[in-house]
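K.L.:
When you get a sec, could you give me coordinates for this:
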Amino acid sequence: MTYAFPPLPPTVLEPMVRRALDEDFGNSGDVTANLLIPETSQGALFMRARENGVIAGMQAAIMTYALVDPNVKFAVKCPDGTPVKAGTVIATLEGPTRALLAAERTALNFLGRMSGIASLTAHYVNRVEGLPVRIAATRKTTPGLRALEKRAVLAGGGWTHRQSLSDAIMIKDNHIALAGGIDKALTAIKARADHMTRISVEVDTLEQLQKALLHHPDVVLLDNMSPDILREAVNIVKHNKGRRPTLEASGGVNLTTVRPIAESGIDVISIGALTHSAPNFDIGMDAK
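P.N.:
Residues are numbered from 1 along each chain as shown. This next block holds a predicted model:
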């Protein structure tokens, strides 16, 4: 299945790509290509997946070439969210040979990183197929690349969670400890929060859950709970007389445990590994 979602705004994406190009070009650009390839030379390259997975990061790759030389023609064969097999041509490029070579590594770095995230996300999504649960990313992203990495999670069929600290109120364990307890933390937040801002609170015991429910939060994050304890938590919320919050599970999630966690009845499973531990996806650039 291919997922359709809007591109990142250029004002968000372009600084990321420019930083990557600045890092790779140094002070003199591609000295190898400039010495070896005639300035007027034209060529063609093919991007191929070297393994099975899901493509992401294509927008960054396109912009990489556009900034290096707008005369490069970049034809996308597999847009973000496309499942591919090893050997699939995902894009073709034609234009000035020097530009094709100079931008190659930066473009492939973006595609490999983002496709790795999308592919890992797809593995998790497939493990919970048929269950009414969302697989979500966290803020455990590469500094400076969050928007791209979160979009790669979308390409893999996942959800993005908070984009930043300003998106929603999320009261975690250290907030609770420093505020003097869960009751004090939630009372203070509800007294001061804007009415448009959703409130999430993290709990690691069923006792904390019961206290949190008295304050009617929008989301309760159930941290590092076993599937059996999660079922108890779901049952407590089911029989609670107040408004039912969204229940999110986090901690101890891997490809083996994700299905039992999902079967407990929670709504969302947030997984830091989608972005902080995704392996690179192998994509090659070939002259034929």
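K.L.:
For the rest of this, base every contact and every neighbour count on C-alpha atoms.
P.N.:
OK.
K.L.:
what's near enough to touch residue 158?
P.N.:
121-122, 125, 134-137 (CA atoms under 8 Å, 6 or more residues apart in numbering).
K.L.:
So the closest residue to residue 51 other than its chain neighbours: helix, strand or coil?
P.N.:
Spatial nearest neighbour of residue 51, chain neighbours left out: residue 86 (4.0 Å); criterion: CA to CA, 6 or more residues apart in numbering. Taken by DSSP: H, G, I helix; E, B strand; the rest coil, the conformation at residue 86 corresponds to coil.
K.L.:
ok, now how distant is residue 86 from residue 6?
P.N.:
According to CA to CA, to the nearest Å, residue 86 stands 27 Å off from residue 6.
K.L.:
neighbour count winner among the two?
P.N.:
Neighbour count, other CA atoms under 10 Å: between residue 86 and residue 6, residue 86 has more, with 13 against 6.
K.L.:
mind listing what that one touches?
P.N.:
Residue 86 sits next to 48-52 when contact means CA under 8 Å, 6+ apart.
K.L.:
now do residue 211
P.N.:
Residues counted as contacts of residue 211 (CA under 8 Å, 6+ apart) are 182-183.
K.L.:
tell me the pLDDT at it?
P.N.:
In the prediction, the pLDDT value recorded for residue 211 is 96.
K.L.:
Could you measure from residue 113 over to residue 94?
P.N.:
Plainly put, residue 113 is 24 Å away from residue 94 if you go by CA to CA.
K.L.:
What of residue 73?
P.N.:
Noted for residue 73: a distance of 5 Å to residue 94, by CA to CA.
K.L.:
Tell me where the model's unsure across this protein.
P.N.:
For the chain, the stretches flagged by pLDDT under 70 are 1-4.
K.L.:
Can you give me the domain assignment for it?
P.N.:
As given by automatic domain parsing, the domain ranges for the chain are 10-124+279-286, 129-276.
K.L.:
Tell me the secondary structure of residue 79, please.
P.N.:
Three-state call for residue 79 (three-state DSSP): coil.
K.L.:
Now for it: which residues touch it?
P.N.:
Residues near residue 79 by CA under 8 Å, 6+ apart: 55-56, 58, 90.
K.L.:
Could you do residue 242 as well?
P.N.:
213-214, 216.
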